[in-house]
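1. I would like the atomic coordinates for the input below:
(one chain, ligands or ions: 1)
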Amino acid sequence: MLLLTNGVFATMDPARPLARAAVVDGAYFAYVGEEAEARDFLRAFAGEQVEEVDLGGKFVLPGFNDSHLHFIHYVKARLSVDLFGCTSLTEVQDRLRKGLEGFDPTSGRWLMGEGWNHELFTDGRRFPNRHDLDAVSREVPILILRGCFHVGAVNTKGLELLKLTKESAGQYGDFLELDGDGEPTGVLKENLLDDVKGALPSIGLADLLEQVKRAQYDFFAEGLTSLQTDDFKYAPDEDPYALMDGLRALSERGELKLRLAEQALLTEPETLDEFFRRGMAQYGGGTGFRISTVKILADGSLGGRTAYMQEPYADDPTTRGIPIYEQKELDALVETAHRHGMPAAIHAIGDGGAEMALTAFQRAEERCPWFQPRHGLVHCQVMTAEQLRRMKALGVTAFVQPVFINGDMHIAPARLGEARLNGSYAWGTMERLGIPVAYGTDAPVEQIRPLDGIYCAVTRRDFEGNGPFLPGEAVSVEQALYAYTVGGAYASGEEAVKGRIRPGMLADFTVLDRNLFTIPPETIREARVLATYVGGVQV
Ligand SMILES: [Zn+2]
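-> Residues are numbered from 1 along each chain as shown. Predicted coordinates:
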């Protein structure tokens, strides 16, 4: 057994919000309260070995739970050129050239880069094109992805290998950008980009799982113990089921200690049917690895103006974005999940996408009321007041990424216009309405740090302190911590076993160097994680 003393436990348990000591038995909390009582409690177990840890007055929270990210993509991204934070096209090129050092041009591999954002470029706010990338290499195929992962660019060598030409361009429509002569510029979007990513030679499953074992420690270092992760389209050899088996086996062998709940992205009726035929609704039901939802995409991204809006973009009246499905197609996918008792988490950034998703949820619940799976909206950034009320009425979970404020506060007002900001990034309103809210990052779109998101949710400012952005939508520190712990557990259907520091719950917790309730909110990002425990074991 483990006796933890001298801590400031913010338990997230309304029955005992603050505690000083806890006892862990195996993987679970057995007692939570004061030190003297904890020692009394242990008398009943006299003779058993008890390890004692003095927490030195530090701040203890339930382990953070990131409610939506792309873990396998993150693991792979660690292997490609990091383009996050590039402030010019020149810097993109320089970092890629560095990535080319030691790269074997005969390997058949592509040079990959991820994370650029043209809004940050000081030498021209435009998408990089094939000419920019040809300046890096004409021999090695290159693909670089925007930080939103909905837009990418390839060089001329890449276009050749993909057989994307003036002649073949017609079949790709808006997803393949063309120059004045009808030649591809190298810019690819959405479905075409997904197909290209899927077709590239990728790391094999065995090597990937080795990388998974290493990458989990990045998350422990940030206080994360649980992830809800959307990995199907990042599976090696386009075989998500082999990946599921691999992750589950790693977890069962104790080599993967990070708890994963898969959000299985299924975009076609056929693949969704196959998923249920394989019995995946009941797959991996333990506390280490499970499938918690199916994931469906309703639209694209705000940065790329592919998020689907009810009205045209304020800064480009020619477009309302791109819905991925017609309403009846989305209805059918949601109903299939619903009839298996499986929640559907739908990616919806624009109010047009959100409207379609809410309608699909409502229809499924009206037609099939014998199940009440906890459907959710992932991102739900641009919403109307009426849509927020519908979310509450339908019991729809909000999977939100507060750290998006850091970048979006600089583009959202122009994209959306003043009037539409009302209801957008409305996390305070969600709390007031009682919508279940779970926080996350969408990593590797953003960094994995929970403290960044908590800072943004509470202060409504970017990392430089600019703002506040829509300050009426700020939440309290307590609400933010709750959404990153209990809210996350609820979102994956596991609130009975984790998310709070309470007897009978998994002993997943993290120790911080300062009390987030008493420091100035502007300094939340400066807090440091000192230790993280999963199932009572330090990781
Ligand atoms: Zn995502």
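2. the helices in the stretch 301-450 of the chain, which residues?
-> Assigned by DSSP state H, counting those that start in this stretch, the helices in the stretch 301-450 of the chain fall at 327-339, 351-367, 385-394, 405-408, 412-416, 418-421, 427-433, 450-459.
3. any idea how far P201 is from H73?
-> P201 sits 16 Å away from H73 when distances are taken as Cβ to Cβ, to the nearest Å. Placement of C-beta: from N, CA and C, glycine included.
4. swap in T90?
-> T90 sits 27 Å away from H73, going by Cβ to Cβ.
5. Which one of these two is surrounded by more residues?
-> The neighbour comparison of T90 against H73 (other Cβ atoms under 10 Å) goes to H73, with 21 against 14.
6. still on that earlier bit, dump the helices of the stretch 301-450 of the chain to CSV, plus mean neighbour count and mean pLDDT.
-> Below are these laid out as CSV (neighbours: other Cβ atoms under 10 Å; pLDDT from 0 to 100):
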stretch, mean neighbour count, mean pLDDT
helix 327-339, 19, 98
helix 351-367, 22, 98
helix 385-394, 17, 97
helix 405-408, 23, 95
helix 412-416, 20, 95
helix 418-421, 14, 92
helix 427-433, 19, 98
helix 450-459, 26, 98
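7. Please convert the ones you listed to JSON lines, extending it with distance to Y313.
-> Compiled in JSON lines, the helices of the stretch 301-450 of the chain are given as follows (distance: least, Cβ to Cβ, whole Å):
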{"stretch": "helix 327-339", "distance to Y313": "21"}
{"stretch": "helix 351-367", "distance to Y313": "11"}
{"stretch": "helix 385-394", "distance to Y313": "18"}
{"stretch": "helix 405-408", "distance to Y313": "14"}
{"stretch": "helix 412-416", "distance to Y313": "6"}
{"stretch": "helix 418-421", "distance to Y313": "10"}
{"stretch": "helix 427-433", "distance to Y313": "23"}
{"stretch": "helix 450-459", "distance to Y313": "24"}
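8. Now do T271: how many residues are near it, please.
-> By other Cβ under 10 Å, 15 other residues sit near T271.
9. go on, Q401?
-> Residues contacting Q401 under the criterion other Cβ under 10 Å number 25.
10. Next up, the contacts around it.
-> Under the criterion of Cβ atoms under 8 Å, 6 or more residues apart in numbering, the contact list for Q401 reads H68, H379, Y439, G440, T441, D442, V445, E446, G453.
11. give the contact list for the last one.
-> Contacts were defined as Cβ under 8 Å, 6+ apart; by that measure G453 touches Q401, P402, V403, Y439, G440, T441, A480, Y484.
12. pLDDT score for the closest residue in space to A242 that isn't next to it in sequence?
-> Sequence neighbours aside, L205 is the residue nearest to A242 in space, at 5.8 Å (criterion: Cβ to Cβ, 6 or more residues apart in numbering). Note on L205: pLDDT of 94.
13. Give me the phi and psi for L205.
-> Phi and psi for L205, reported as degrees, to the nearest 10, are phi -60, psi -40.
14. and stretch 250-261, C-alpha only, in PDB?
-> Extracted as PDB, the C-alpha positions of stretch 250-261 are listed here (Å, rounded to 0.1, in the frame of the first residue of the first chain):
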ATOM      1  CA  LEU A 250       0.900  -3.200 -25.200                       C
ATOM      2  CA  SER A 251      -1.600  -2.000 -22.500                       C
ATOM      3  CA  GLU A 252      -2.300  -5.500 -21.200                       C
ATOM      4  CA  ARG A 253       1.400  -6.200 -21.000                       C
ATOM      5  CA  GLY A 254       1.900  -3.100 -18.900                       C
ATOM      6  CA  GLU A 255       4.200  -1.500 -21.500                       C
ATOM      7  CA  LEU A 256       1.600   1.200 -22.300                       C
ATOM      8  CA  LYS A 257       0.700   2.700 -19.000                       C
ATOM      9  CA  LEU A 258      -1.000   5.800 -20.500                       C
ATOM     10  CA  ARG A 259      -4.800   5.000 -20.600                       C
ATOM     11  CA  LEU A 260      -6.300   5.300 -24.100                       C
ATOM     12  CA  ALA A 261      -9.900   5.500 -25.200                       C
END
